[in-house]
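Enquirer: Just the structure for this:
(one chain, ligands or ions: 1)
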Amino acid sequence: MSLQALEPRDDDRRPPASELLEIVQRGLRAQPKRLPSWLFYDERGSELFEQICEQPEYYLTRAEIALLEAHAGDIARTLGPDVRLVEYGSGNAVKTRQLLEHLVSPVCYVPVEIASEALAASVQRLAERFPALPMQPLHADFTRPLRLPIPPRAPRRTVIYFPGSTIGNFEQREAIQLLRTMRDEMGEAGGVLIGVDLKKDAARIESAYNDGAGITAEFTLNMLARLNRELGSDFHLDAFRHRAHYNPLAGRIETHIISTREQKVRVGRMLATFAEDEAMLVEYSCKYSPEDFAAMAHKAGLEVAKLWLDPEQLFSVQYLVRRAG
Ligand code: AVJ
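Expert: Predicted coordinates:
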């Protein structure tokens with residue numbers, strides 16, 4: 001039916017590639033060293049993440065899909081008809097498909113993604129399944145204010161869909177900031193539909209980030225391979241290893257890249273020194289109890305209107321709306 005404009009719109013407020021070197025050098029100068037987790041997602045990193053989702057230890061994706069299988073009808077009723085669905089991070093097409101199959105006369109689908117390969121792939125897959133649904137891919141960084149494309153007709157509400165517990169990658173203050181940005185973006189009648197991984201037995205969480213096949217370790221170290229390729233740095237991948245520990249007090253997985261020996265790494269004009277066993281922080285994956293998350297939403301001017309759990313109660317999907325007062 002309608003002609004799909006599959007060319008993503010470019011948002012020129014994205015950080016240019018030239019900033020990459022600066023971001024990495026700053027992270028290597030920090031004490032302790034730390035690099036941002038979005039650096040994982042080059043083409044290879046996105047591929048490895050998809051493989052992580054299939055590992056038996058990584059319960060998150062399966063739980064969220066099972067949750068949608070059980071509750072997509074109720075979720076769609078809660079969102080109502082004529083929704084403009086804006087997805088932050090255009091990740092796993094299976095979840096989006098489950099949701100779109102249940103939504104009544106959605107106005108359009110707007111995936112917002114900084115990795116252009118991932119954006120193109122997800123739109124392609126969904127366009128085949130929903131040929132009549134207008135798609136408005138936006139190539140942008142969703143942590144910054146967006147300029148959403150004009151919808152093809154007036155939506156009843158804009159719903160920001162943020163699945164996968166990606167919110168867990170943000171520290172409390174940043175997470176609140178991001179929720180506030182979503183609140184601004186969705187408008188008065190809007191809502192946020194968000195996947196949030198739950199606190200549970202520490203061993204269960206820890207094993208999800210230390211799969212037996214070593215895919216997560218490969219995913220972690222791929223960040224260094226990416227920097228070598230894109231910045232011409234000389235990280236020796238065999239002199240670093242992956243470590244993911246659950247910090248029960250902070251309620252989060254802390255993933256580090258560990259230097260297995262004393263070494264120097266050239267990154268542009270900078271020479272970074274690593275001590276033996278020095279740990280560089282590359283990711284947090286925060287876990288929340290429903291109460292924790294409700295308190296955080298509250299601080300962002302939102303309230304939890306509804307909460308769904310998967311049959312094993314490992315994972316939650318929550319619907320947030322503007323908070324009164
Ligand atoms: C995509 C951010 C939800 O934190 O569980 C998986 C990324 N990192 N294994 C997560 C990830 C290591 C994932 N998120």
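
Enquirer: Report the beta-bridge partners for whichever residue of the chain sits closest to the ligand.
Expert: At 3.4 Å from the ligand, residue 285 is the closest residue in the chain, using C-beta to the nearest ligand atom. All C-beta spots, glycine's among them, are computed from the backbone N, C-alpha and C. Listed beta-bridge partners, residue 285: residue 253 (assigned using DSSP bridges).

Enquirer: I figured it hits residue 165, correct?
Expert: Yes - between residue 285 and residue 165 there is a contact under C-beta atoms under 8 Å: 7.3 Å.

Enquirer: Residues contacting the lengthiest helix in the chain, please?
Expert: When the chain is parsed with DSSP state H, its longest helix is helix 59-79. Contacts to helix 59-79, defined as C-beta atoms under 8 Å, 6 or more residues apart in numbering, come from residues 53-54, 92, 94-95, 98-99, 101-104, 157, 159, 163-165, 191, 193, 195, 197, 204, 208, 305-306, 308-312, 314-317, 319.

Enquirer: how about the residue lying closest to residue 252 once chain neighbours are set aside, what does it touch?
Expert: Once flanking residues are discounted, residue 252 sits nearest to residue 286: 4.3 Å by C-beta to C-beta, 6 or more residues apart in numbering. Counting by C-beta under 8 Å, 6+ apart, residue 286 makes contact with 167, 168, 169, 170, 171, 172, 175, 250, 251, 252.

Enquirer: before we move on, back to that, list the residues that contact both of residue 285 and residue 165?
Expert: residue 197.

Enquirer: Can you name the residues of the stretch 1-150 of the chain sitting close to the ligand?
Expert: Within the stretch 1-150 of the chain, the positions adjacent to the ligand are 52, 60 by C-beta under 6 Å from any ligand atom.

Enquirer: Tell me where the stretch 1-150 of the chain has strands.
Expert: For the stretch 1-150 of the chain, the strands defined by DSSP state E, counting those that start in this stretch cover 9-10, 83-88, 108-113, 138-139.

Enquirer: re the thing from before, any quick ChimeraX command for the buried ones out of the contacts of residue 286?
Expert: With 16 or more other C-beta atoms under 10 Å as the criterion, this ChimeraX line picks the buried residues out of the contacts of residue 286:
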select :167,168,169,170,172,175,251,252
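
Enquirer: Which two among the contacts of residue 286 are spaced furthest apart?
Expert: Spatial extent of the contacts of residue 286 (C-beta to C-beta) is set by the pair 167 and 250 at 15.1 Å.

Enquirer: how many other residues sit next to residue 71?
Expert: Residue 71: 19 surrounding residues under other C-beta atoms under 10 Å.

Enquirer: Next: residue 201.
Expert: 10.

Enquirer: contacting residues for it?
Expert: Contacts of residue 201 (C-beta under 8 Å, 6+ apart): none.

Enquirer: so where do the helices sit in the stretch 201-325 of the chain?
Expert: Ranges of helices within the stretch 201-325 of the chain are 202-208, 215-231, 290-299, based on DSSP state H, counting those that start in this stretch.

Enquirer: Could you single out the most deeply buried of these?
Expert: Among those, helix 215-231 has the highest mean neighbour count (mean count of other C-beta atoms under 10 Å), at a mean of 20.
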